[in-house]
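Chemist: Kindly generate the corresponding structure for this input.
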Amino acid sequence: MVAWRPNLFIKMVAILLSLIAATLLFYGLSYRKDVGVITSQIKTTDLNHLQFLTQQMDNNINQLAGSMYALQRDPTIRDYEQITQLGHLIDPAQTIMTVLEKLSLQTSSSTWENRIVLYKPFSGETLGSDSSLSFDVSVLEKPLPAGWEYISEARTGTEAGFRLLLSDPAQETSTPGEAKLLMSMYFPVSNIERMFEAFQSQNKGDTFLFHPSLGVILSRKTDRDMAERITGALKFAAGQSSSDIFNLEEGSFLVSSVPSSAINWKVVHYSPLKQILQPIRSSRYFFLTGSAVLLVMSLIFSLQLYRQVQRPVSLLLRSLNRMKEGRWSTRIYTKTNPEFTMLNREFNDMAEKIQLLIEQVYLEQLRAKDAHLKQLQSQINPHFLYNCLFFIKSKAAIGDTDSVEAMALNLGEYYRYITRVDHSLTTLQDELKLLENYLKIQNLRKQRIRYDMDIQGELLDLQIPRLLIQPLVENSIIHGIERKIGQGFIRITARRIREVIQITVEDNGAGMTAEAIAALQERISETAREDGGCGLWNIQQRLKSYYGEASGLQIAPSPEGGLTTTLRMEKKEEPYAPNSAG
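Modeler: Next comes the predicted model:
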């Protein structure tokens, strides 16, 4: 019976949790972006609605002001102003009746409640749209204000409102007591409050008027404390509209403000942001609930999948690993679901056949493999020896015994090493000694090659196939450095990266184009060649024979301008090394 392996189940759960966490993260980012976009649109829409409301209010106020300016120029009002001087030309009583009718008509023609009063400073005579109206004589003591003036409830004795004062002549605004006629129009704030209440019936939140020095004008349903807190956070800038989010103790509020061009107050509207964003937040809660349900269902499904699939697969994989380790007698006798029971039966049949085949042909295959490797090794280019012998002859002819002695010594060491066939493996340290002999021989011939070796100390005793690196160095010299004028340089490095050993030969030679490198890589990766193969192809085949298909040669451009050739050896187990005299 297969033992329970909770770590596999934990991995599956971790993957599910990671996927759900990533989904929630992306949703959170999307939700934040959506809220930002919606909030921006709401701010724009709220500000547009408030601007429309303010424009309607200003139109009504300007309409009242326009009627006052029209009365100021009305001929009947002019006759009333000079009624004493024109008494012999006009009927005073009829003129006064006409003026009263016009005042009454002007007041009733507006949709807003308003009151108009005419006052003569010299005679103290007063006419109004309502007989109960009186004129506030306190205005005579100071210049008349320009435009509409706010009158508080304490000053009117009834309801707060706005008043417009005009004088005739118009230039007497600085000394109203010397004017022939003063005109006053007043409208209560209840007109504005009704507009605000109608606006709030179609929009969330509250609306009020705000002036930095005069305070607030509220509708009946507006919370004064909240309005004062909103205005405390609001930055008053004359002539500028704004729409911002304010965070108060009660939560976040969308506050829009629009200046009134008629009365120099600001119309302010605020609404709770939570209430505006409630629909999108509700969808978020539904999504989170759905995600939680999906997580629970996924965990249940993962557990069932582990029991029905993962455990039988794990058993099959462990059995395959035993086969890979050479335990050919491995068999599976555990019964699971029908599909895996059939797979286990097929595995047992396969294992039995493999065991028979290996016992029959294993030793014969090893002998054939060793013979093939020795054949590859024997294909080392013999022209190198001819060139060295010609060098010795040339130097001997001119009496350069030192060069002859150095060439003979290094050449002897070199060929003593490569002609040893008693073992197909050697140490990396011995292979590097061969490279030094070879490079010294090349320097004697060419005298322009500099080299550097950077090897990890732990790799010096590493067992590798013989003559694995020297052909790469020879290739760098013949096809790289000799084709380029100037000093040549070769760097040899060896590193272990986990289970992989990499030996790199880098030069500053002529190099190759990317297309040429790709073509060369393709040629050396061929499984067989009609010409028997040579050079880099031989090394590629030897690597794959010793270390498996994951190993091989990698060719790339060098930062020095030439090529970088890398021997990749995936050393998972010691290669087979038969001892055979040659």
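Chemist: so D244 sits in a strand?
Modeler: Yes: membership of D244 in a strand is supported by DSSP: H, G, I helix; E, B strand; the rest coil.
Chemist: On the three-state scheme, L182 is what?
Modeler: In three-state terms, and counting by three-state DSSP, L182 is strand.
Chemist: And it, how far from Y417?
Modeler: Distance, L182 to Y417, using C-beta to C-beta, to the nearest Å: 125 Å. Placement of C-beta: from N, CA and C, glycine included.
Chemist: quick one, which of these two is more surrounded?
Modeler: Taking neighbours as other C-beta atoms under 10 Å, L182 and Y417 compare with L182 leading, 25 against 18.
Chemist: contacting residues for that one?
Modeler: Applying C-beta atoms under 8 Å, 6 or more residues apart in numbering to L182 gives the contacts 118-121, 135, 139, 165-168, 176.
Chemist: Just the ones of those in helices?
Modeler: Using DSSP state H, the subset of those located in helices is empty.
Chemist: Give the buried subset of the residues you listed as a ChimeraX selection command.
Modeler: Remark: buried members of the contacts of L182, expressed as a ChimeraX selection using 16 or more other C-beta atoms under 10 Å:
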select :118,119,120,121,135,139,165,166,167,168,176
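Chemist: Would you mind identifying the next helix or strand past the host helix or strand of T39?
Modeler: Following DSSP states H and E, one finds T39 within helix 6-72. Elements were assigned by DSSP H and E; along the chain past helix 6-72, the next helix or strand is helix 75-81.
Chemist: then that next one to PDB, C-alphas only?
Modeler: The C-alpha trace of helix 75-81 is given here as PDB (Å, rounded to 0.1, in the frame of the first residue of the first chain):
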ATOM      1  CA  PRO A  75     -41.000 107.200 -17.300                       C
ATOM      2  CA  THR A  76     -43.800 106.800 -14.700                       C
ATOM      3  CA  ILE A  77     -41.200 106.400 -12.000                       C
ATOM      4  CA  ARG A  78     -39.400 109.500 -13.300                       C
ATOM      5  CA  ASP A  79     -42.700 111.400 -13.100                       C
ATOM      6  CA  TYR A  80     -43.200 110.200  -9.500                       C
ATOM      7  CA  GLU A  81     -39.700 111.300  -8.600                       C
END
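Chemist: Check which helices and strands that helix sits against.
Modeler: Using 3 or more C-beta pairs under 8 Å, 6 or more residues apart in numbering; DSSP states H and E as the contact criterion, the elements in contact with helix 75-81 are helix 92-108, strand 181-188.
Chemist: Give me the contacts around it.
Modeler: By C-beta under 8 Å, 6+ apart, the surrounding residues in contact with helix 75-81 are 71, 86, 90, 95-96, 98-99, 102, 118, 120, 127, 168, 180-181.
Chemist: how about it: buried residues?
Modeler: 76-77, 79-81.
Chemist: Pull the contacting residues for A408.
Modeler: I392.
Chemist: Would you confirm that it belongs to a helix?
Modeler: Yes: checked against three-state DSSP, A408 lies within a helix.
Chemist: any idea how far it lies from K395?
Modeler: 10 Å.
Chemist: same thing with M453?
Modeler: Distance, M453 to K395, using C-beta to C-beta: 27 Å.
Chemist: So for the two, which sits in the more crowded spot?
Modeler: Neighbour totals were compared for M453 and K395, and K395 leads with 19 against 13 (other C-beta under 10 Å).
Chemist: Show me the shaky parts of the stretch 201-350 of the chain.
Modeler: Across the stretch 201-350 of the chain, the ranges flagged by pLDDT under 70 are 235-239, 275-287, 306-308, 310.
Chemist: ranges for the strands of it?
Modeler: Assigned by DSSP state E, counting those that start in this stretch, the strands in the stretch 201-350 of the chain fall at 206-211, 215-218, 242-248, 251-259, 266-272.
Chemist: Tell me which other helices or strands the shortest one touches.
Modeler: If contacts are counted by 3+ C-beta pairs under 8 Å, 6+ apart, strand 215-218 sits against helix 190-200, strand 206-211, helix 224-233.
Chemist: S18: which of the ones you listed is closest?
Modeler: Nearest to S18 among the helices and strands packed on strand 215-218 is helix 224-233; the distance by C-beta to C-beta comes to 43.0 Å.
Chemist: so that closest one versus strand 242-248, what angle?
Modeler: Here helix 224-233 runs at an angle of 120 degrees relative to strand 242-248 (axes from the mean of the first three to the mean of the last three C-alpha atoms, to 10 degrees).
Chemist: Return the list of helices and strands in contact with helix 224-233.
Modeler: Under the contact criterion of 3+ C-beta pairs under 8 Å, 6+ apart, helix 224-233 touches strand 206-211, strand 215-218, strand 242-248, strand 251-259, strand 266-272.
Chemist: can you put those in JSON lines and add mean neighbour count and distance to R542?
Modeler: Compiled in JSON lines, the helices and strands packed on helix 224-233 are given as follows (neighbours: other C-beta atoms under 10 Å; distance: least, C-beta to C-beta, whole Å):
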{"stretch": "strand 206-211", "mean neighbour count": "22", "distance to R542": "88"}
{"stretch": "strand 215-218", "mean neighbour count": "19", "distance to R542": "93"}
{"stretch": "strand 242-248", "mean neighbour count": "15", "distance to R542": "72"}
{"stretch": "strand 251-259", "mean neighbour count": "21", "distance to R542": "73"}
{"stretch": "strand 266-272", "mean neighbour count": "23", "distance to R542": "78"}
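Chemist: In TSV, list those along with distance to E113.
Modeler: Conversion of the helices and strands packed on helix 224-233 to TSV gives the following (distance: least, C-beta to C-beta, whole Å):
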stretch	distance to E113
strand 206-211	17
strand 215-218	15
strand 242-248	31
strand 251-259	24
strand 266-272	19
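Chemist: Just the element for the residue lying closest to R495 once chain neighbours are set aside, please.
Modeler: The shortest distance from R495 to any non-neighbouring residue, by C-beta to C-beta, 6 or more residues apart in numbering, is to Q502 (5.2 Å). Applying DSSP H and E as the criterion places Q502 in strand 500-507.
Chemist: Adjacent strands (with direction) for that strand?
Modeler: Applying DSSP bridges to the sheet, strand 500-507 is found paired with strand 488-497 (antiparallel), strand 563-570 (antiparallel).
Chemist: Nearest to E197, out of the helices and strands packed on helix 224-233?
Modeler: E197 lies closest to strand 206-211 among those, at 8.5 Å (C-beta to C-beta).
Chemist: Quote the end-to-end distance of stretch 450-470.
Modeler: For stretch 450-470, the first and last residues are 16 Å from each other (C-alpha to C-alpha, to the nearest Å).
Chemist: Ignore what I typed, I meant stretch 127-147.
Modeler: One end of stretch 127-147 to the other measures 22 Å (C-alpha to C-alpha).
Chemist: picking up where we left off before, which of the contacts of helix 75-81 sits closest to Q463?
Modeler: Closest to Q463, out of all of the contacts of helix 75-81 and judged by C-beta to C-beta, is L71, at 116.2 Å.
Chemist: Enumerate every residue touching that closest one.
Modeler: Applying C-beta under 8 Å, 6+ apart, the residues contacting L71 are 77, 102-103, 106, 116, 183.
Chemist: Taking those, tell me the two that lie furthest apart.
Modeler: K102 and M183 (12.0 Å).
Chemist: Counting neighbours, go ahead and name the busier of those two.
Modeler: Set K102 next to M183 and count neighbours by other C-beta under 10 Å: M183 wins out with 22 against 18.
Chemist: what pairs with the more buried one across the strands?
Modeler: Judged by DSSP bridges, the bridge partners of M183 are L118, L166.
Chemist: Isn't it up against A170?
Modeler: No: contact criterion C-beta atoms under 8 Å: M183 and A170 do not qualify, at 10.7 Å.
Chemist: shared neighbours of the two, anything?
Modeler: In the contact map built from C-beta under 8 Å, 6+ apart, the residues linked to both M183 and A170 are Q72.
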